[in-house]
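# Here is the input, now give the coordinates:
(one chain, ligands or ions: 1)
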Amino acid sequence: MAIKNTQVEPKKNKSKQYINAIFAVVAFLGLILLLSFGSFYFNGFEDQSQISNMADRDVVAQNIFGKFGALLGEIFIHYGIGIAAFFLPFFLFILSAKIITGKKIFKPFSFLSKIIFFLIWIPIFVGFIYPDHPQFSGVMGFEVNDFLNSFIGKIGVGVLLLVSLIIYLTFRYNLTYETFLEWKEKRAEKIRLELEAEEQKRIDEEKILLEQRKKEEAEEAERKRLEDLEKRTKKEEDLINQFNIEAEQQQQIKELEEIALKEAELEAAAQVIEPQSPEDAFVLDIEEPEIVNITDAVEEEIESIENNDFTFEIPKEEEMVEIEPISTDGLELKIERIPEEETVEETAARLVAKQGKYDQRQELPNYQFPHLNLLKKYESGANATIDQKELEQNKNRILETLRNYGIEIQSITATIGPTVTLYEIVPKAGVRISKIKNLEDDIALSLAALGIRIIAPIPGKGTIGIEVPNSNPSMVSMQSVLASAKFQNADMELPIAFGKTITNETFVADLAKMPHLLMAGATGQGKSVGLNAIITSLIYKKHPSELKFVMVDPKKVELTLYSKIERHFLAKLPDAEEAIITDNAKVINTLNSLCIEMDERYELLKNAYVRNIKEYNVKFKERKLNPENGHKFLPYIVLIVDEFADLIMTAGKEVELPIARLAQLARAVGIHLIIATQRPSVNVITGTIKANFPGRVAFRVTSKIDSRTILDSPGADQLIGKGDMLFTTGNELVRLQCAFVDTPEVDDITEFIGEQRGYPDAMHLPEYVGENESSPLSIDLSDRDVLFNDAARLIVIAQQGSASLLQRKLKLGYNRAGRLIDQLEAAGIVGPFEGSKARQVLVTDEVSLEQLLNNLN
Ligand SMILES: Nc1ncnc2c1ncn2[C@@H]1O[C@H](COP(=O)(O)OP(=O)(O)OP(=O)(O)O)[C@@H](O)[C@H]1O
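Numbering: from 1, shown residues only. Next up, the predicted model:
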C-alpha cells in the first residue's frame, strides 16, 4: 500500500502543476487581452499608424502592452468586431476559473454559446447606430452594415436587427407573450405578497402593543383590587376590635347587674318577717322575682323565628259571612262597605277611558315637523345617468382584460348606481375566483379608473361583481331619500336614510337596532355630510319629545348649527351654558352623566317590569306607570361625538371607560352612540370600543390598514370619496352613496324648528360631580343657604337625601337644590353622592338634628 501511495502522489502533483500552469497562461492571456483592448481605446489610434513599422525599434507604441498590445487591439477591435471583442477576455477568465477550481458554476463554453450570437449582432448593431465610428463596430460591423445598407436599405437593416434579436431571444429564453404575461403576473403577485406581509407585520405589531396595554391595565386593576382588599380588611379588623371592646363592656355591665341583684336578694332574706300567727308562718310565701335571663329570651326568640313559628290568624270563610243588622232597639247599624282595591290594570283602563292614552307629543302640541321643501332638489340626482357608450366601453375593457389573462366569461350584466356601476360577471366553469380577484389592479389600469372594487363572489348570488365608478357621478340629495316611500313608511324606532345603494334604492337602517355606530373616513371624504344626513333623518321622523341629542364637537364648527334647536332636540348638563360640547374636559362630565341617566333608566325599567325602553314607553302611554313614582316618558338619547380621535388623545381612559360602559349597556334604555373619527387607528378605536359598535360606516380612508381597523376588511381604501361609503352591521358590506345635505339646508331646517315654541330649556341630564370637585371640605359652612335649616328638616323627616325632593318641596331650581345638598353633606346630614341612588341620610331623628343645627349656629 505504502509503495502504491508514493507512486500516486507525484503523479497527482504533476497534473496539478500542469493545471496551475495552464490556468496561469489562460488567465494571463485574458488579462493581456482586457488591458490591451482597454488601452487600445485610449491610445490605439496613434498606434495604428505605427503598426506598419512594427519592426522599427525606434517606433514606440503607446499601448500598455506595447506593440504587441497595439497589434492585438488592431486585429480584434479594429479589423474585427469592435467593442464586442471585450467578451473574449471574459471568456478566458471564466475558462481559467473553471481550470483552477473545476467547479460546475463556471461554464465557459455555455457562456461562449450564449455570446456567439452577440459577437456578430453587436458589431452590426453598433455599425447601424454609429456608422461613422468604425472603432466601435469594427471593420466587420462596418462592412456588413455597408453591404446590407446597399442591399436592403437602412430601415431594412434596422428591421433585420430587431427581428433577429427577437428570434434569438425567443429560442434562447423561450420568451413568448404568454411567458411575458406570466412573468408580469408573478411580479404583481410578489409585490402583493410583500405588501400583505408588511401589513400583517404592522397588524401584528399593533396587536402586541394592544396586548401589552391590556396587560398593564390588568396589572393596574389587580393592584387596585389588592389595595382595596387591604383597606377593607383593615376596616373589618377595626370593626371587630371595636365589637370586642363593646362585648367586653356589655359583659362587665351584666356582671355588675348580677352582683347587684344578689345583694338585693340577700338584703330581702335578711329582713326577717315576723309571723303574726303560727299558721301565718306556714302560709307566707315570699314570691321570688323571676329573673329573666336576657340571652335565653333572645335565643328563644331566634328559635321561634327559625322554626317559622308564626301563626297568622286567618278568619275562616264562614266567619266573614256578612252580619245581618239585627235591630233590637230600633237603631239600625249601618255597615259601610269599603270598595275593593283597584288593580293597576283597572286604574290604567279607567284613566285611558277618561283621558285617552298618554300622548308625549302633547307636550308641544303645535310642533310642526320640518317639511321636505326645506331641502334642496338637485336635478342631476333625480336619476342616474351614464351614457351607453361608457357602459359599452367599460364592458369591453373588462372582457378584454379578463380574456388577456385567459379568463372566459359566460355572461355580464350592468347595474347603474348613482356613483358606481356594478358589472356582474359569471365566469365559465373552472375559472378560479381568486384569479379574478387578483386582477383588480389590472382591470383598474385598463379602465383607467380609481376605486374599482371587486366582490368575488357577491354573497348569495354566485356572480362576481366589479364596481366601476361612473365618469359623471350623480348626487343623491337628502330630499330624494327622505321623500322615498321606504323612509316615509319605515316602521323603525330611529330610522336613518343613509343614501342610495348601488341599485339606486334608498337605504334605510334603524339606529335602535345597530345599536351604536362607528364612522371613519379621511378628511374631506364626506364624514360631516354623513353626520348631518343622520341627524336630519332622525329630526324628520321624531318629535322633540321623543328624541334628544347630546353633541360633542371638539372641532367647534361642524355641529354648531344645531344649537338653534337646543330647546327642542338637545340635552345638556344642568349647569352647562352651551348644549353643544366643545371642551374636552366637559365631555367627561357629560359622559358620566349619561351613565347616571342610564342607571336611572334601568331602575325605572326594573320597577316597571319591562326589558327595554320601547315596552316601557308603551306601558307608560297606557297609563300603567304612575308618574308620582318617578315614571315619565323616556325620549331616545343619541350621543354624537365628532373627532373621537381628538378626544381619546386628550382624555384617554377617562372617556374610553364611560363610552365603553354606555356602548355595552345603554342599548336597552334608548341611549345610542354615534362616534366619528378621521383616524381609525387601533389606539383610537380600541378593542373594547370596537366590540361594542357593530354598526360601522367607512368613507374613503388612506390605507388598507385603516380600512381593516374600521370594517375588519379592506375596501374602504378603494372608495372614490365624496360620500362614497361602505356600511356594515356585522355581516354584509353594502356600498352606498351617502345622501348630500348642504350646510344651508341644515341651517334652514334648524331655523324652521328653532323658531317654533320649544321647551323652556334643553333636556337636563343628571348632575355629575367629578371626583375632584366633590370634596365637602371646600364648602364653607359659615356661608349657608338661608333655606339650609328647612332643607335639613325636610330631608331628615322624609329620610330621603335627594336634590329633587328639595326642588319639589321648597320650589327651588336645580342648582340651588344641588348646592343645598352639598352643604348638607358638608354638615354631615347626608352621605356622599352614590350615583343613581339617593344619598343616605345620616341623622335619624329630629331631636338630634336640632342639636346639630344648634351646634352649627
Ligand atoms: N354625499 C355626498 N355627495 C356629494 N358630495 C359630497 C358628499 N359628501 C361629501 N361631499 C363633498 O365632499 C366635501 C367634503 O365633505 P365633508 O365636509 O363631509 O368632509 P369630512 O370628511 O367631514 O372632512 P373633515 O373630516 O375634514 O371635516 C363636501 O363639501 C362635498 O363637496
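# what residues are up against whichever residue of the chain sits closest to the ligand?
Here the residue of the chain nearest the ligand is Gly723; by CB to the nearest ligand atom that distance is 2.2 Å. Every C-beta, even on glycine, is put in place using the N, C-alpha and C of the backbone. Gly723 makes contact with Thr419, Val476, Gly499, Gln525, Gly526, Val529, Gly530, Phe699, Gln737, Cys738, Ala739, Phe740 under the criterion CB atoms under 8 Å, 6 or more residues apart in numbering.
# Around the ligand, pick out the residues from this structure.
Residues of the chain lying close to the ligand (CB under 6 Å from any ligand atom) are 475, 521, 523-529, 678, 722-723, 738, 740.
# Relative to Leu175, which of the contacts of Gly723 is nearest.
When the contacts of Gly723 are ranked by distance to Leu175 (CB to CB), Thr419 comes first, at 42.6 Å.
# Excluding covalently adjacent residues, which one is nearest to that closest one?
Sequence neighbours aside, Pro473 is the residue nearest to Thr419 in space, at 4.0 Å (criterion: CB to CB, 6 or more residues apart in numbering).
# Make sure Ile674 is actually in contact with Ile637.
No. Taking contacts as CB atoms under 8 Å, Ile674 lies outside contact range of Ile637: 11.4 Å.
# Which two among the residues of the chain next to the ligand are spaced furthest apart?
Pairwise distances across these (CB to CB) peak at 23.2 Å, for the pair Met475 and Gln678.
# More neighbours: which of those two?
Gln678 (22 against 19; other CB atoms under 10 Å).
# Make sure Glu392 is indeed in a helix.
Yes. Glu392: assigned to a helix according to DSSP: H, G, I helix; E, B strand; the rest coil.
# From Met519, how far out is it?
With the distance defined as CB to CB, to the nearest Å, Glu392 ends up 37 Å from Met519.
# what's the answer for Lys653, then?
22 Å.
# These two - which one has more neighbours?
Higher neighbour count among Lys653 and Met519: Met519, with 26 against 12, using other CB under 10 Å.
# The one helix or strand that one maps to: partners in the sheet, and parallel or antiparallel?
Per DSSP states H and E: Met519 is located in strand 517-520. Using DSSP bridges, the strands paired with strand 517-520 are strand 671-677 (parallel), strand 695-698 (parallel).
# Mind checking what helix or strand follows that strand in sequence?
Moving toward the C-terminus from strand 517-520, the next helix or strand (DSSP H and E) is helix 527-541.
# Could I get the average pLDDT for that following helix?
Throughout helix 527-541, pLDDT has a mean value of 94.
# which element follows it toward the C-terminus?
strand 547-552.
# Would you mind listing the outside residues contacting that next one?
By CB under 8 Å, 6+ apart, strand 547-552 touches 494, 535, 538-539, 559, 562, 569-572, 579-582, 587, 590, 594, 635-642, 647, 762-763, 765.
# could I have that strand exported to PDB, CA atoms only?
What follows is strand 547-552, C-alpha atoms only, in PDB (Å, rounded to 0.1, in the frame of the first residue of the first chain):
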ATOM      1  CA  LEU A 547     -85.600  62.200  20.800                       C
ATOM      2  CA  LYS A 548     -82.700  64.200  22.300                       C
ATOM      3  CA  PHE A 549     -79.200  64.600  21.000                       C
ATOM      4  CA  VAL A 550     -76.100  65.000  23.100                       C
ATOM      5  CA  MET A 551     -73.500  66.600  20.800                       C
ATOM      6  CA  VAL A 552     -69.800  66.600  21.200                       C
END
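# Check the offset of it from the chain's centre.
Here strand 547-552 shows a centroid-to-chain-centroid distance of 21 Å under the convention CA atoms, centre = their mean, to the nearest Å.
# now do stretch 463-471
Taking CA atoms, centre = their mean, one finds the center of stretch 463-471 at 27 Å from the center of the full chain.
# Also stretch 416-433?
The answer for stretch 416-433 is 30 Å, by CA atoms, centre = their mean.
# ditto for stretch 726-734
Between the centre of stretch 726-734 and the centre of its host chain there is 14 Å, according to CA atoms, centre = their mean.
# which strands and helices sit next to the longest helix anywhere in the chain?
When the chain is parsed with DSSP state H, its longest helix is helix 177-270. With contacts taken as 3 or more CB pairs under 8 Å, 6 or more residues apart in numbering; DSSP states H and E, helix 177-270 sits against helix 704-711.
# Tell me which helix or strand comes right after the helix it packs on.
Per DSSP H and E, the helix or strand that comes after helix 704-711 is strand 724-728.
# Helix or strand with the lowest mean pLDDT in the protein?
When the helices and strands of the chain are scored by mean pLDDT, DSSP states H and E, helix 278-283 comes last with a mean of 42.
# Just the buried residues from the contacts of Gly723, in PyMOL please.
The buried residues among the contacts of Gly723 can be selected in PyMOL (16 or more other CB atoms under 10 Å) with this line:
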select buried, resi 419+476+499+525+526+529+530+699+737+738+739+740
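# Kindly indicate which of the contacts of Gly723 lies nearest His631.
Proximity of the contacts of Gly723 to His631 (CB to CB) peaks at Gly530, which lies at 36.2 Å.
# how near is Phe117 to Phe37?
Phe117 sits 20 Å away from Phe37, taking CB to CB as the criterion.
# ignore the last one, Arg361
Applying CB to CB, the value for Arg361 to Phe37 is 100 Å.
# For these two, indicate the residue with more neighbours.
Between Arg361 and Phe37, counted using other CB under 10 Å, the more crowded position is Phe37 (21 against 12).
# Enumerate every residue touching the more buried one.
Listed by CB under 8 Å, 6+ apart, the contact partners of Phe37 are Leu72, Gly73, Phe76, Ile77, Ala85, Phe86, Pro89.
# Pro495 too?
With CB under 8 Å, 6+ apart, Pro495 has these contacts: Phe487, Val508, Ala509, Asp510, Leu511, Ser537, Leu538, Lys541.
# Lys376 belongs to a strand?
No. Read with three-state DSSP, Lys376 is coil and lies in no strand.
# Quick one: residues contacting it.
Contacts of Lys376 (CB under 8 Å, 6+ apart): Ser477, Gln479, Asp742, Pro744, Glu745.
# Could you rerun that using 6 Å?
Residues near Lys376 by CB atoms under 6 Å, 6 or more residues apart in numbering: Glu745.
# List the buried residues for the helix or strand hosting Val139?
Assigned by DSSP H and E, Val139 falls within helix 134-173. Within helix 134-173, the residues that count as buried by 16+ other CB under 10 Å are 134-142, 144-145, 148-149, 157, 161.
# and which of the contacts of Gly723 is nearest to Glu211?
Nearest member of those to Glu211, counting by CB to CB, is Phe699, at 29.5 Å.
# if I look at the nearest residue to the closest one once chain neighbours are set aside, how far off is Phe369?
For Phe699, ignoring the flanking residues on the chain, the nearest one in space by CB to CB, 6+ apart is Gly521 at 2.7 Å. Distance from Gly521 to Phe369, counting by CB to CB: 30 Å.
# Those two - which one has more neighbours?
Shown here are Gly521 and Phe369; by other CB under 10 Å, Gly521 has more neighbours (29 against 12).
# Thought Gly530 was touching that one, still the case?
No. Judged on CB atoms under 6 Å, Gly521 makes no contact with Gly530 at a distance of 7.7 Å.
# and the nearest residue to Leu33 once chain neighbours are set aside, what does it touch?
Once flanking residues are discounted, Leu33 sits nearest to Pro89: 4.1 Å by CB to CB, 6+ apart. Applying CB under 6 Å, 6+ apart to Pro89 gives the contacts Gly30, Leu33, Leu34.
# cool, and Gly30?
In this structure, Gly30 makes contact with Pro89, Leu92, Phe93, judged by CB under 6 Å, 6+ apart.
# and the protein, what are its domains?
The chain is divided into the following domains under automatic domain parsing: 14-151, 384-469, 478-763, 769-856.
# Show me how far the shortest one is from its chain's centre.
Computed by CA atoms, centre = their mean, the chain-centroid distance of domain 384-469 equals 31 Å.
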